[in-house]
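# Structure for this input, please:
(one chain, ligands or ions: 1)
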Amino acid sequence: MPHATLTREAVAAHNNADDLWCIIDHKVYDLTDFLDAHPGGSVVLEQIAGTDATKAFYNLHRQEVLEKYESLCIGTIEGERSEVITMKPGDLSTVPYAEPLWLRPQFKSPYFNDSHRALQKKMREFVDKYVTPEAQEKEKSGEYISQDLINRMAENDILAMRLGPGKHLHGKNLMGVVKGEDFDYLHDLVQAQEFIRSNARGFADGNMAGMMISLTAIMQWMGNEQLKLKLAEEVLSGKKKMCLAITEAFAGSDVAGLRTTATKTPDGKHYVVRGTKKWITNGMWCDYFVTGCRTDKGFTVLLIERDENVETKLIKTSYSTTAGTAFVEFNDVKVPVENILGEEHKGFAVIMSNFNHERFMMCCGSIRMSRTIVEECLKWCNQRIVFGKPLIEQAAIRQKLAKMISEVEANQAWLESIAYQMCHMSYAEQSKHLGGPIGLLKSHCTRSAHKIADQAVNIFGGRGITQSGMGKFVEMFHRTYKFDAILGGTEEILADLGVRQAMKQMPKAML
Ligand code: HEM
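Below is the predicted model:
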């Protein structure tokens with residue numbers, strides 16, 4: 001790209017539709033051939049021909065527009081330098097409250113050490129370089145995740161990390177900075193919060209969320225060690241895909257009301273599974289389904305391999321079809337008895353304890369996405385000019401921002417405290433002591449997301465309900481924050497779980 005040094009006087013001479021230049025952030029753009037292609041029309045560009053259009057531009061566009069159309073830039077104004085900060089992969093945002101407190105240079109944290117910080121840096125670079133570009137593309141097209149990205153995540157042990165701490169990480173040097181044995185729930189929080197920054201809620205689930213919530217159950221509950229190791233190898237290398245199939249049209253959070261049945265064959269060697277499952281994330285392209293079934297004396301969890309008796313149909317939800325959300329039909333599928341997780345008829349314990357990590361991950365994601373929306377609002381209010389002044393100068397807007405910031409900061413502090421407790425508890429202790437608090441946090445943070453989405457749309461106006469341009473992330477968040485409020489247990493069920501678990505610990509004596 002030729003890069004000349006030009007004067008403001010020289011730019012002013014190119015001031016008509018046949019020869020149209022303008023200045024944005026001290027750089028000169030030749031828009032003559034772009035007039036007809038401009039999504040905002042040619043008239044507006046003719047109105048700013050030959051002038052400095054910096055304010056007008058940032059009032060209407062995201063910075064990424066300039067990066068995309070960099071080829072229109074022909075030079076820089078003599079003696080002037082660009083003031084706008086262009087983010088590079090891995091960079092931290094400099095917008096106040098855009099990063100959690102522990103990542104802001106002015107603050108300290110009792111929880112995070114150098115190892116967490118090193119992982120955060122690596123994960124951010126990885127997400128910025130490889131995940132976000134694909135996430136943005138697939139969120140729009142509705143296509144499923146590429147095998148290339150899956151392979152890249154597998155090679156970097158990212159798939160394995162997303163199951164949380166455990167023996168499956170031992171002996172690995174994660175992203176070259178964390179020994180697998182040292183990976184704890186604070187590292188887990190870091191990877192989850194970095195991953196969600198690709199700002200595409202459908203893709204966030206399309207990106208192996210099914211594996212994250214099903215292979216965890218295999219690792220904890222599958223008695224057949226050989227089969228467990230084979231499955232872990234296949235799935236963590238990205239060769240095979242796995243998902244969790246619990247919810248049905250008949251029963252969602254009410255796991256006890258499920259109708260899919262598993263009946264033992266007379267020789268005792270197989271179960272025959274018959275029934276349907278609904279809203280199964282990644283179900284469209286999975287090879288394995290960790291499935292909740294009714295058995296004659298209770299509830300049993302089985303690993304079902306896809307065969308000709310398993311049928312999957314796409315369900316279109318309000319987020320992108322990239323998540324591969326499926327309606328699944330098991331039409332007398334024969335499943336070997338060694339595919340059982342936990343004990344026969346006692347599958348309730350398998351599902352309930354497996355939920356904790358899933359809900360913890362969802363809290364990490366929902367809180368981090370809420371933070372991104374706060375960042376978007378702060379940036380917009382700072383650069384949007386209305387009634388002749390920036391939006392931030394309106395006291396009513398500052399009140400809204402204050403509430404949104406407070407929700408995010410409070411939830412993040414609670415989340416970090418829970419992650420810290422998880423680091424010091426066994427899996428069984430977590431089930432006993434943290435199922436309730438995690439349920440309460442999930443219920444609370446999605447209520448916060450509700451308030452934040454509502455306020456953000458009001459702040460962005462029409463752009464908050466438009467799928468491109470300045471408000472695109474606010475639109476996406478407002479359309480999709482409910483997924484976290486419903487998946488993994490609804491707000492009401494989880495709030496209730498929190499109180500019921502507390503009551504179990506209540507002293508017997510009257511107080
Ligand atoms: C390098 C110069 C420019 C480029 C590459 C550019 C590109 C774009 C693009 C891609 C959009 C679609 C919306 C989006 O993605 O944000 C857009 C919309 C628009 N642009 Fe530009 N633009 C430029 C300069 C300007 C200037 C200087 C003005 C005004 C004086 C302007 C006025 C508009 C308007 C009114 C819209 C519709 C946006 C809305 O209603 O939200 N553009 N432009």
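# What spatial separation is found between the closest residue to the ligand within the stretch 101-250 of the chain and Ile493?
Nearest to the ligand in the stretch 101-250 of the chain, going by Cβ to the nearest ligand atom, is Gln136, at a distance of 12.3 Å. The way it works is simple: take the backbone N, C-alpha and C, and place the C-beta from them, glycine included. Using Cβ to Cβ, to the nearest Å, one obtains 33 Å as the distance from Gln136 to Ile493.
# residues in this structure within reach of the ligand, list them.
Along the chain, the residues adjacent to the ligand under the rule Cβ under 6 Å from any ligand atom are 22, 24, 29, 31, 38-40, 44-45, 48, 53, 56-57, 60-62, 65, 69, 72, 463, 468-469.
# Just the ones of those residues in strands?
Applying DSSP state E to the residues of the chain next to the ligand, the entries found in strands are Cys22, Ile24, Tyr29.
# Between the residues you listed, which sits nearest the ligand?
Tyr29 (4.4 Å).
# Quick check: Phe483 vs the ligand, distance?
Phe483 sits 25 Å away from the ligand, going by Cβ to the nearest ligand atom, to the nearest Å.
# give me every residue that touches that residue.
Arg201, Asp205, Thr317, Tyr319 (Cβ atoms under 8 Å, 6 or more residues apart in numbering).
# Reformat those as TSV; add neighbour count.
As requested, the contacts of Phe483 are exported to TSV (neighbours: other Cβ atoms under 10 Å):
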residue	neighbour count
Arg201	28
Asp205	24
Thr317	17
Tyr319	22
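# For Tyr97, which non-adjacent residue is closest in space?
For Tyr97, ignoring the flanking residues on the chain, the nearest one in space by Cβ to Cβ, 6 or more residues apart in numbering is Ile405 at 5.2 Å.
# now for the host helix or strand of the one you found, which elements pack on it?
In the assignment (DSSP states H and E), Ile405 maps to helix 395-423. Counting by 3 or more Cβ pairs under 8 Å, 6 or more residues apart in numbering; DSSP states H and E, the packing neighbours recorded for helix 395-423 are helix 185-195, helix 347-383, helix 435-460.
# mind listing what's buried in the next helix or strand after that helix?
Later in the chain than helix 395-423, the nearest helix or strand by DSSP H and E is helix 427-429. In terms of neighbour count (16 or more other Cβ atoms under 10 Å), helix 427-429 has its buried residues at Tyr427.
# just stretch 62-78 next, same as before
Arg62, Gln63, Leu66, Leu72, Cys73, Ile74, Gly75, Thr76, Ile77.
# domain ranges for the protein?
4-77, 114-207, 242-345, 354-504 (automatic domain parsing).
# hey, what's Ala4 bridged with?
Gly75 (DSSP bridges).
# The residue of the stretch 301-450 of the chain found nearest the ligand: neighbouring residues, count only.
Nearest to the ligand, among the residues of the stretch 301-450 of the chain, is Arg384, at 10.7 Å (Cβ to the nearest ligand atom). Arg384 has 20 neighbours, counted by other Cβ atoms under 10 Å.
# List the contacts of the closest residue to it other than its chain neighbours.
Nearest residue to Arg384, sequence neighbours excluded (Cβ to Cβ, 6+ apart): Leu391, at 4.5 Å. Applying Cβ under 8 Å, 6+ apart to Leu391 gives the contacts Trp380, Cys381, Asn382, Arg384, Ile385, Ile397, Ile459.
# from the protein, which residue is nearest to the ligand?
Gly40 (2.3 Å).
# Next up, the contacts around Thr265.
Tyr271, Val272, Lys334.
# can I get those in a markdown table with secondary structure, neighbour count and pLDDT?
Below are these laid out as a markdown table (DSSP: H, G, I helix; E, B strand; the rest coil; neighbours: other Cβ atoms under 10 Å; pLDDT from 0 to 100):
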| residue | secondary structure | neighbour count | pLDDT |
| --- | --- | --- | --- |
| Tyr271 | strand | 24 | 98 |
| Val272 | strand | 16 | 98 |
| Lys334 | strand | 14 | 98 |
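# Could the C-alpha coordinates of stretch 449-462 be exported in PDB?
Once non-C-alpha atoms are left out, stretch 449-462 reads as follows in PDB (Å, rounded to 0.1, in the frame of the first residue of the first chain):
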ATOM      1  CA  ALA A 449     -27.200 -10.700  32.400                       C
ATOM      2  CA  HIS A 450     -30.900 -10.100  32.000                       C
ATOM      3  CA  LYS A 451     -30.600  -6.600  33.500                       C
ATOM      4  CA  ILE A 452     -27.400  -5.800  31.600                       C
ATOM      5  CA  ALA A 453     -28.800  -6.900  28.300                       C
ATOM      6  CA  ASP A 454     -31.900  -4.800  28.800                       C
ATOM      7  CA  GLN A 455     -29.900  -1.700  29.700                       C
ATOM      8  CA  ALA A 456     -27.400  -2.200  27.000                       C
ATOM      9  CA  VAL A 457     -30.000  -2.300  24.300                       C
ATOM     10  CA  ASN A 458     -31.600   0.900  25.600                       C
ATOM     11  CA  ILE A 459     -28.200   2.500  25.500                       C
ATOM     12  CA  PHE A 460     -27.500   1.400  22.000                       C
ATOM     13  CA  GLY A 461     -31.000   2.100  20.600                       C
ATOM     14  CA  GLY A 462     -31.600   0.700  17.100                       C
END
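# picking that back up, state the phi and psi torsions of the residue nearest to the residue of the chain closest to the ligand when sequence neighbours are not counted.
For Gly40, the nearest residue in space outside its immediate sequence neighbours is Leu60; the separation is 6.8 Å by Cβ to Cβ, 6+ apart. Main-chain dihedrals, Leu60, degrees, to the nearest 10: phi -130, psi -10.
# hmm, back to that, between helix 435-460 and the helix holding Ile405, find me the angle.
Orientation check (axes from the mean of the first three to the mean of the last three Cα atoms, to 10 degrees): helix 395-423 against helix 435-460 gives 160 degrees.
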